[in-house]
Structures are given as C-alpha cells and as structure tokens.
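What shape does this take:
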Amino acid sequence: MSLLAEQLDALLYNETDQIANLANASALLNEALADVNWVGFYLYHEQTDELVLGPFQGKVACMHIKNGQGVCGTALKQQKCLRIANVHEFKGHIACDSASNSELVIPLFKGERPFGVLDIDSPSFDRFTAEDEATLCEFAQTLMKHL
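Numbering: from 1, shown residues only. A predicted model of the protein is given here:
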C-alpha cells in the first residue's frame, strides 16, 4: 500500500461520516500533491443522472455535471480513470477554473453502483503520470472502504 493510502486509512479509521471522510480525503490530497489547484469529489445522483459538487479544496467549482459530459462525467460513464494531459484538447471539457490545464479523474463505485468521482486539476500541462494514476487509484480504493 502506498504511503498516501496508508495515511488516508489511518486518518479515516473509525470515522463513519461520509462528508467528514470526503472532506479529509480532499484536504490530505491537497497537502500531499504538488502543483495542483483543485482536489475534490463530485457525487453521483441517480435521480437526475448527474454529478453534484461534494467536498473539495480549491476555487469555487461547477456544481452540476451531467453523466457523460466533461472529463468527470465521461470518466464515470466509461467507468475508467481519465488522465488528461491538456484539458483544452478534450472535446466537451467543462472549464470551471480557466487556470486548469491537466486533469486526473477517478470514478468511484460502491460495488456496481456509481458513487461519484475524485477530480484533481493542475495548472501545469501533462502534470499527472501513470505512477500518479496508480497511486491515486489505490487511494480511491482505500477511501471507498471507509464510505
């Protein structure tokens, strides 16, 4: 287990409140990751088939994203991580913060049911590596054990 996942596991130990866990997870990532300008969660609402803004660290953000739209909605719809080197080249990118140039989105599931996404933005182009993706996917799996 990566150090980041271990830190999260210890931080969330015996805490059952979903919002508290998501808030601390976003704060931990914001402190641990260099060169990021937004870290947080969008939570899936089945009734409206959209992602709704959840706990995050960063500037104000878009509050509703339709499933299948933007990087976040596409990652959820495709059920796979999306590591985007240049968000301006992603068809249908939703620009909540014009300073963001690259993005990593990890879809979150409870069993077969969509829960939401972990969204991380950077002002640098091509900020996220394959190693970052693997570490953050492990972080997300650890988080889901606490939700």
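
and the residue most central in space within the chain, what element?
Against the mean C-alpha coordinate of the chain, by C-alpha atoms, centre = their mean, the closest residue is residue 118 at 1.4 Å. Assigned by DSSP states H and E, residue 118 falls within strand 113-122.

what element comes up after that strand heading to the C-terminus?
helix 130-144.

hmm, who's touching that next one?
1-2, 4-5, 8-9, 12, 21-22, 25, 29, 81, 83, 104, 106, 108-110, 115, 118, 120 (C-beta atoms under 8 Å, 6 or more residues apart in numbering). For glycine as for every other residue, the C-beta is placed from the backbone atoms N, C-alpha and C.

Tell me which stretches of this structure form strands.
38-45, 50-58, 64-66, 82-84, 102-110, 113-122 (DSSP state E).

OK, contacts around the residue nearest to the centre of the chain?
Applying C-beta under 8 Å, 6+ apart, the residues near residue 118 are 40-41, 105-106, 108, 136, 139-140, 143.

Can you tell me how far residue 75 is from residue 108?
10 Å (C-beta to C-beta, to the nearest Å).

ok, back up a step: with adjacent residues omitted, what lies nearest to the residue nearest to the centre of the chain?
residue 106 (4.4 Å; C-beta to C-beta, 6 or more residues apart in numbering).

So that neighbour is in contact with residue 116, correct?
No - the pair residue 106 / residue 116 is not scored as a contact, 9.8 Å apart, by C-beta atoms under 8 Å.

Now do the shared contacts for the two.
Counting by C-beta under 8 Å, 6+ apart, nothing touches both residue 106 and residue 116.

Run the angle between the strand holding residue 118 and strand 102-110 for me.
With axes from the mean of the first three to the mean of the last three C-alpha atoms, to 10 degrees applied, the angle from strand 113-122 to strand 102-110 works out at 160 degrees.
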